[in-house]
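J.: missing the sequence, but the structure's below:
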């Protein structure tokens with residue numbers, strides 16, 4: 001958990017740390033299991049994503065046991081170029 005009034009710190013932590021949830025200004029022992037005041041689903045089993053060898057990266061809850069059917073139809077493709085995706089990386093390191 002992180003205790004800070006600076007939103008940038010939470011964002012930096014989320015980008016740098018191998019974690020699936022960043023708990024900000026909350027009692028960590030209660031917040032990670034879900035709460036009415038933080039939007040996480042209630043659970044006693046937390047997934048830690050591929051970093052921890054799990055198949056899920058959030059709190060195991062009823063939505064993981066619901067079979068969903070998705071109907072996919074073709075749409076006009078929106079395909080970014082490599083330059084669109086890696087422009088910052090290419091600028092910093094060369095292509």
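T.: Noted; the coordinates are in hand. The shown structure was predicted, so the numbers you read here are calculated from the model rather than taken from an experiment.
J.: When you work out contacts or count neighbours from here on, use the C-alpha atoms and nothing else.
T.: Fine.
J.: SS state for the most centrally placed residue in the chain?
T.: What sits nearest the mean C-alpha location of the chain, by C-alpha atoms, centre = their mean, is residue 20, with 5.2 Å. Secondary structure, DSSP: H, G, I helix; E, B strand; the rest coil: residue 20 is coil.
J.: tell me which residues in stretch 58-78 are buried?
T.: When neighbours are counted by 16 or more other C-alpha atoms under 10 Å, the buried residues of stretch 58-78 are found to be 58-60.
J.: Considering those, which is situated nearest to residue 88?
T.: Residue 88 lies nearest to residue 58 out of those, by C-alpha to C-alpha, at 29.5 Å.
J.: Longest helix in the protein, by number of residues?
T.: In the chain, with assignment by DSSP state H, the single longest helix is helix 82-93.
J.: all helices for this structure, in order.
T.: Secondary structure of the chain (DSSP H): helices located at 7-16, 28-31, 82-93.
J.: Averaged pLDDT, the second one. What do you get?
T.: So that's helix 28-31. The pLDDT scores in helix 28-31 average 80.
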